[in-house]
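[1] heads up, no residue letters with this:
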């Protein structure tokens, strides 16, 4: 499975939200941003491996979003990775390809790093994406 296939398989689970893919923010692109009906913003980073890089990316996303997740294919992961996610307030989704199911392993904490100015900037980026559809 590729990262792109992982994203395509997971997106249908979020159909009650507005979904934005590859949202450019600062020098990065957030894989997926969900805008809930209550206007809360959720950033999701999809990874097949190299979780250390994901932690760096998600740390940036916590400045602009209310909640952040890492989404990976279902597998066993170390206690250290689970602890790092929990300590940083990052949620974890695991996608089971065989069962076509998505499980929330760790619930995220509301970001204590988010800065309203940058969150508004992300909202502007989402509005631009809507206008360009």
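    The structure has been received and is ready for your questions. The structure displayed is predicted, hence computed values, not measured ones. Numbering: from 1, shown residues only.
[2] in this protein, which spans are strands?
    18-25, 28-35, 41-46, 67-73, 91-96, 101-106 (DSSP state E).
[3] mind giving me the packing neighbours of the third one?
    Secondary-structure packing of strand 41-46 (3 or more CB pairs under 8 Å, 6 or more residues apart in numbering; DSSP states H and E): helix 3-10, strand 28-35, helix 51-61, strand 67-73, helix 116-131. The C-beta positions use only the backbone N, C-alpha and C, and glycine is treated the same way.
[4] for the last one, same thing?
    Contacting strand 101-106 under the criterion 3+ CB pairs under 8 Å, 6+ apart are the following elements: helix 79-88, strand 91-96.
[5] can you put the helices and strands packed on strand 41-46 in a markdown table and add mean pLDDT and distance to residue 18?
    Listed next are the helices and strands packed on strand 41-46 as a markdown table, based on pLDDT from 0 to 100; distance: least, CB to CB, whole Å:
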| stretch | mean pLDDT | distance to residue 18 |
| --- | --- | --- |
| helix 3-10 | 96 | 16 |
| strand 28-35 | 95 | 4 |
| helix 51-61 | 88 | 17 |
| strand 67-73 | 97 | 15 |
| helix 116-131 | 89 | 8 |
